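A.B. asks: have a look at this prediction, sequence included:
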There are 2 protein chains.
Amino acid sequence: MDKPATIRDVARVSGVSVGTVSRSLNAPETVRPATLAKVRAAIQSLGFQPDSRAQNMRRRNTMTVGFVIDDIANPWHASCFKAVDAEMRQRGYSLYLMSTQGRASEEAAAIDMLQHGRADGMIMTINNEQDPRTIKRLKELRIPSVLLDRDIPLEIDAVLTEHATGLRQATSYLLELGHRRIAIITAGSDIRPGRERVRGFVEAFQRAGLPVPEDLIRSQSLSVDFGFREATALLQMPQRPTAIIAAGNRILVGVLRAIQQQGVSVPGDISLIGCDRSDVALLYPGPITLIDRPVEEIGRTAAQLLLERLGGQADRPAQRIAFPTHLILGGSCLPVPKP
Amino acid sequence: MDKPATIRDVARVSGVSVGTVSRSLNAPETVRPATLAKVRAAIQSLGFQPDSRAQNMRRRNTMTVGFVIDDIANPWHASCFKAVDAEMRQRGYSLYLMSTQGRASEEAAAIDMLQHGRADGMIMTINNEQDPRTIKRLKELRIPSVLLDRDIPLEIDAVLTEHATGLRQATSYLLELGHRRIAIITAGSDIRPGRERVRGFVEAFQRAGLPVPEDLIRSQSLSVDFGFREATALLQMPQRPTAIIAAGNRILVGVLRAIQQQGVSVPGDISLIGCDRSDVALLYPGPITLIDRPVEEIGRTAAQLLLERLGGQADRPAQRIAFPTHLILGGSCLPVPKP
DNA sequence: ATTGATAATAGAAACGTTTCCAGAATAATC
DNA sequence: GATTATTCTGGAAACGTTTCTATTATCAAT
């Protein structure tokens, strides 16, 4: 009774065949104006809208793309999602958001699901570049995909950040301010950002001909908790660092929590450099000195790479595009007082 | 050549009919163990996975739900999404995230799209309870939906927050501290949170038998910009308020920006109450006194209401469930010094 | 008017699955 | 071992669209 009208109903009401109705919708220029008018009138009066399930089935696509990340509460990911969404929506695509909470099993499940007719493509930041379950799936990928800030030796498009350069700049800046006991808290070497950031950090010391403070490198995870734990430990060291680089936007939150809890003041007691613009980073008493990256551009680029593949260029060679970071000076760093 | 295997291929390889393969997948207890084994072997060797497009078509569902909000960069929405996602994923559903950026046209387009075979249900926070385009669509809703924190005189499930009580508590708290010139910045009366918050604010003064400071009520939008603009104006008033309630988590960010820009100190120069836990609210030099609400519970409840309808109870009467707020005392309020 | 060329339409097949029904195989009962 | 009851299975229809092929309608030119 109340069932939605189908293309058959439209055909019946307007007295044409279903094929013609379909062409009226998808290629109106190939149907006679008089017929088109009749069809359109019928569509109007029935309130017909094509059922996308049937379209997906027949066209063998879904106009849907999966966006797979560990946590949408990470404001950087949210911004990136928005950029991707804006670009994809313009072209008629909708996005599945899959927040895996960092669990490899969820990640694998998400990829599996998306691959089998739920999405036409994927954009993702996987959690561990070595996880065999994920790797296996990426090897036998059936839909075009783009990796965000991850580096895997496979033919997959990727959009990256030049973290090493960013960290080198930030570290050099602190060295110039006279800091020597500089700590870095960042991801582990299982993902590119962790490896690259530590590399840049180390390079800065080497170029300055200074010894690398190995005891102050904390490279393991991007989580708030890790940031909090390590910052707490660092602040309680007998010979406390004079500066901390919170290399990861969630880490920064953890570090600030530790700083708040210990009653340390920034930049009076310790200098601080964070990552990525965020409410917290921009507001914290004063704005924090930041290693920023162009999130909108990164998202847009990822979307464009994917759209290229979806739009026919299915088998051009994989591209890797890297974006530079920018050091934004805030008020969270001071020169080390000469003793 | 490389085409994904279909259920037909499985049937051929295992020497049974397609019907049996289908039942092996969906009701394995109805197929003889020996047959089941053959089928499973074939599935394994072919790497077969059912094509969800075809399943959607045939089953007339999509195991997908739309989550429609204005901006996923709002951390409250992100947390809510996560809660909804966790609950829905358990039951096999995936979520479309549609970030409408507050544009009514995008909102209408999103609802239209979801209704016609792209999703089985919707959870949404619409932008304006009076917008005719949106209302029209909600009236002729074809899929079960749940409204988040919005109030529309239609038979639609809704999960609400008791904003009025929250604001009354917060305002009373400030009144007890001796504040009289208290400002409130919040949404306009076109959405429930705006109406209710102002109502609670006014009630607090009335119950205390005090005149309502009409000139300090700024009720128009939940945006960061509005918060910034109004806070800036308030701080520059000749007779500046002694307390501000930033009734909206984005508004709070705007207010903090204004406070930072004007070099005002909290709580020394002015007392401040915010809304919703967020990194900023918890970290800002000290934690800010907050009107909090149980976001996980709200999201979970919304998901459950939707799941009930999706699971058969399609036409029980619409439910409206409201959650209380809690005033979390931080360090951003001080008593007014006796003159 | 007739023809030929072109444009428009009807009709059916196809997409890959689920589900229904009838019929075949198996198990249970005597 | 025959008969009945029960469990499994094969085959086909159906879901709503798009797209292909064949046919019909239209138009221009003679």
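C.D. replies: Everything's here; your move.
A.B. asks: for A:A73, what are phi and psi?
C.D. replies: A:A73 adopts backbone torsions of phi -70, psi -10, taken as degrees, to the nearest 10.
A.B. asks: wait, it sits on B:A78?
C.D. replies: Yes - applying C-beta atoms under 8 Å as the test, A:A73 and B:A78 come out as touching, 4.5 Å apart. The C-beta positions use only the backbone N, C-alpha and C, and glycine is treated the same way.
A.B. asks: more neighbours, the two?
C.D. replies: For A:A73 and B:A78, the more surrounded residue by other C-beta atoms under 10 Å in any protein chain shown is B:A78, and the numbers stand at 25 against 20.
A.B. asks: how about the secondary structure of that one?
C.D. replies: helix (DSSP: H, G, I helix; E, B strand; the rest coil).
A.B. asks: for the residue of chain A positioned farthest from its centre, give me its contacts.
C.D. replies: In chain A, the residue that sits farthest from the middle, by C-alpha atoms, centre = their mean, is A:G15; the gap is 50.6 Å. A:G15 makes contact with A:K38 under the criterion C-beta atoms under 8 Å, 6 or more residues apart in numbering or on different chains.
A.B. asks: same question for A:E140.
C.D. replies: Contacts of A:E140 (C-beta under 8 Å, 6+ apart): none.
A.B. asks: same deal with A:P238?
C.D. replies: Counting by C-beta under 8 Å, 6+ apart, A:P238 has no contacts.
A.B. asks: is it in a helix, a strand, or coil?
C.D. replies: State at A:P238, reduced to three classes by three-state DSSP: coil.
A.B. asks: before we move on, the earlier item: give me phi/psi at the residue farthest from the centre of chain A?
C.D. replies: Dihedral pair for A:G15: phi 70, psi 30, per degrees, to the nearest 10.
A.B. asks: what residues does chain A have near DNA strand C?
C.D. replies: Residues of chain A found near DNA strand C (C-beta under 7 Å from any atom of the strand) are A:15-20, A:23, A:30-32, A:34-35, A:57-58, A:60.
A.B. asks: how does it look with 10 Å?
C.D. replies: Residues of chain A lying near DNA strand C by C-beta under 10 Å from any atom of the strand: A:7, A:11, A:14-24, A:27-39, A:53-60, A:116-117.
A.B. asks: what is the burial count for A:A318?
C.D. replies: 14.
A.B. asks: give me the nearest residue to it, chain neighbours excluded.
C.D. replies: A:E155 (4.4 Å; C-beta to C-beta, 6 or more residues apart in numbering or on different chains).
A.B. asks: what about burial for the residues of chain A next to DNA strand C, which qualify?
C.D. replies: A:7, A:11, A:14, A:16, A:20-24, A:31, A:35-36, A:38-39, A:53, A:55-57, A:116-117 (16 or more other C-beta atoms under 10 Å in any protein chain shown).
A.B. asks: just the ones in helices from those, please.
C.D. replies: A:7, A:11, A:14, A:20-24, A:35-36, A:38-39, A:53, A:55-57 (DSSP state H).
A.B. asks: helices of chain A, residue ranges please.
C.D. replies: Using DSSP H, helices in chain A cover A:7-14, A:18-26, A:33-46, A:52-59, A:75-90, A:104-113, A:132-139, A:163-176, A:192-207, A:224-235, A:249-262, A:279-283, A:295-310.
A.B. asks: possible to save those as a markdown table with mean pLDDT?
C.D. replies: Shown next, in a markdown table, are the helices of chain A (pLDDT from 0 to 100):
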| stretch | mean pLDDT |
| --- | --- |
| helix A:7-14 | 94 |
| helix A:18-26 | 94 |
| helix A:33-46 | 93 |
| helix A:52-59 | 94 |
| helix A:75-90 | 96 |
| helix A:104-113 | 92 |
| helix A:132-139 | 90 |
| helix A:163-176 | 97 |
| helix A:192-207 | 97 |
| helix A:224-235 | 97 |
| helix A:249-262 | 96 |
| helix A:279-283 | 93 |
| helix A:295-310 | 96 |
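A.B. asks: now render the ones you listed as JSON lines, adding distance to DNA strand D.
C.D. replies: Converted to JSON lines, these look like this (distance: least, C-beta to the nearest atom of the strand, whole Å):
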{"stretch": "helix A:7-14", "distance to DNA strand D": "3"}
{"stretch": "helix A:18-26", "distance to DNA strand D": "3"}
{"stretch": "helix A:33-46", "distance to DNA strand D": "9"}
{"stretch": "helix A:52-59", "distance to DNA strand D": "3"}
{"stretch": "helix A:75-90", "distance to DNA strand D": "20"}
{"stretch": "helix A:104-113", "distance to DNA strand D": "21"}
{"stretch": "helix A:132-139", "distance to DNA strand D": "28"}
{"stretch": "helix A:163-176", "distance to DNA strand D": "44"}
{"stretch": "helix A:192-207", "distance to DNA strand D": "40"}
{"stretch": "helix A:224-235", "distance to DNA strand D": "47"}
{"stretch": "helix A:249-262", "distance to DNA strand D": "43"}
{"stretch": "helix A:279-283", "distance to DNA strand D": "44"}
{"stretch": "helix A:295-310", "distance to DNA strand D": "15"}
